[in-house]
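Chemist: Just need the structure, nothing else, for what follows:
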Amino acid sequence: MTELKLKDQVAIVTGSSSGIGKACAIHLASLGAKVVVNYSSNLEEGQKTVDEIEKNGGIAILVKADVSHEEEVKAMFNKTVNEFGRLDILVSNAGLQQDSSFLDMTLAQWQKVIDVNLTGQFLCCREASRQFVAQEKRKSEPDHSELSVGKIILMSSVHDIIPWAGHVNYAASKGGIMMFMKSISQELAPYKIRVNSVSPGAIKTTINKDVWSDPEKYKSLLQLIPYKRIGTPQDVAKAVAWLASDDSDYVNGETLYIDGGMTLYPEFADNG
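Modeler: Presented below is the predicted three-dimensional model:
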C-alpha cells in the first residue's frame with residue numbers, strides 16, 4: 001500500500017494537462033495531496049488529468065490560467081485557497097519551446113518563451129510564497145515544528161547548464177530559472193519556505209515523439225545518455241514528490257538532475 005506522505009496537503013501543478021506536469025499531478029495525488037490541475041488552452045487534456053486522479057480515489061480540481069498573465073495567476077491561487085483553504089506545494093512546471101536559429105529568431109519567439117518559462121515562474125512562485133507566509137501568520141497556535149511551511153519545486157532542464165544552439169530562448173529561460181531559484185531560496189529560507197529545481201534530460205513525452213519513435217534518431221539520442229535509456233515522466237514525478245515531502249526537509253536551493261547522466265559530458269567517456 002502506498003504511504004500517503006502528502007496526505008491532506010494542497011498542491012498546484014502548473015502545465016499539468018500533459019507530459020511531465022500530468023505525471024507530477026497524478027503522482028502527488030497518489031501520495032494523498034489535493035491537486036490543482038492547471039492548463040492554459042487544452043481543456044480536454046486537463047480534464048483527463050483530473051479524471052485519472054479521481055478514478056484512483058484522489059481529489060483534484062481543474063483551473064485554467066496562462067502563467068505569463070499576472071491576473072490569471074492570481075485568480076488561480078485565489079481559487080485554490082477558496083476551494084481547499086490553504087496551499088502547501090507549488091510545482092511550477094508550465095513551459096514551452098519556440099525553436100529557431102538565432103539569426104532568424106524573432107522578438108516574438110524570444111519573448112513568448114521568456115514570458116512563459118521565466119516570468120511565469122516568477123509570478124507563480126511569488127503568489128505561492130505570499131500565501132505560505134500569510135497562512136503561517138494566521139495560525140492561532142505557535143508551531144514549533146522545524147519542518148517547512150511551504151515547498152516550491154521549479155521545473156528546469158539540463159539546458160540550464162548545457163548550451164543548446166537553435167534553442168537559445170529556451171536555454172536562456174532555463175539558465176535564468178537556476179539563478180532565480182537560488183536567489184529566492186536564499187531569501188525565503190528564513191520563512192521556512194523551501195525552494196528547489198528539477199532539471200530533466202531527455203524525457204519520453206509528445207514534444208519529442210519524433211525522436212524516440214524513430215529507431216535511428218533514438219539510437220543517436222542514446223549516445224548522449226550514459227544510462228542508455230530515455231527517461232519517463234514518472235521518473236521526474238518521483239523526484240518532484242521527494243522534494244515536496246518532509247523526507248527532503250533539509251534540501252534547499254538545489255537542482256536535481258533527472259537525466260540518466262546527460263550532464264556528465266558523455267563525449268569524453270572514451271577519454272575524448
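
Chemist: CA atoms for contacts and neighbours, from now on please.
Modeler: Will do.

Chemist: Contacts for the helix or strand hosting residue 239, please.
Modeler: Using DSSP states H and E, residue 239 falls within helix 233-244. Contacts to helix 233-244, defined as CA atoms under 8 Å, 6 or more residues apart in numbering, come from residues 19-21, 23-24, 27-28, 89, 91, 151-153, 196, 198, 200, 203-205, 248-249, 251, 256, 258.

Chemist: Flag every buried residue along it.
Modeler: 233-237, 239-241, 243-244 (16 or more other CA atoms under 10 Å).

Chemist: about what we covered before: inside helices: which ones of the contacts of helix 233-244?
Modeler: In helices, judged by DSSP state H, the following of the contacts of helix 233-244 are found: 19-21, 23-24, 27-28.

Chemist: out of those residues, which is most surrounded?
Modeler: Highest neighbour count within these, by other CA atoms under 10 Å: residue 28, with 31 neighbours.

Chemist: Need the pLDDT of that one.
Modeler: The model reports residue 28 with a pLDDT of 98.

Chemist: Just want to check the distance between it and residue 246.
Modeler: Residue 28 sits at a distance of 13 Å from residue 246 (criterion: CA to CA, to the nearest Å).

Chemist: Could you tell me which residues touch both of the two?
Modeler: By CA under 8 Å, 6+ apart, no residue touches both residue 28 and residue 246.

Chemist: Find the nearest non-adjacent residue to residue 99, please.
Modeler: Spatial nearest neighbour of residue 99, excluding adjacent residues (CA to CA, 6 or more residues apart in numbering): residue 167 at 5.3 Å.

Chemist: swap in residue 199?
Modeler: residue 157 (3.9 Å).

Chemist: Could you check how far the one you found is from residue 173?
Modeler: For residue 157 relative to residue 173 (CA to CA), the value is 10 Å.

Chemist: Secondary structure element holding residue 60?
Modeler: Secondary structure assignment for residue 60, by DSSP H and E: strand 59-64.

Chemist: avg pLDDT for that strand?
Modeler: Averaged across strand 59-64, pLDDT comes to 98.

Chemist: Export whichever helix or strand comes after that strand to CSV, keeping only CA atoms.
Modeler: Next in sequence after strand 59-64, counting helices and strands by DSSP H and E, comes helix 70-84. Extracted C-alpha coordinates of helix 70-84, given in CSV (Å, rounded to 0.1, in the frame of the first residue of the first chain):
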residue,chain,number,x,y,z
GLU,A,70,-0.4,38.1,-13.7
GLU,A,71,-4.2,38.4,-13.2
GLU,A,72,-4.8,34.8,-14.3
VAL,A,73,-2.1,33.5,-11.9
LYS,A,74,-3.6,35.5,-9.0
ALA,A,75,-7.1,34.1,-9.9
MET,A,76,-5.7,30.5,-9.9
PHE,A,77,-4.2,30.9,-6.4
ASN,A,78,-7.4,32.6,-5.1
LYS,A,79,-9.5,29.7,-6.4
THR,A,80,-7.1,27.2,-4.8
VAL,A,81,-7.4,28.8,-1.4
ASN,A,82,-11.2,29.3,-1.7
GLU,A,83,-11.6,25.6,-2.6
PHE,A,84,-9.1,24.0,-0.2
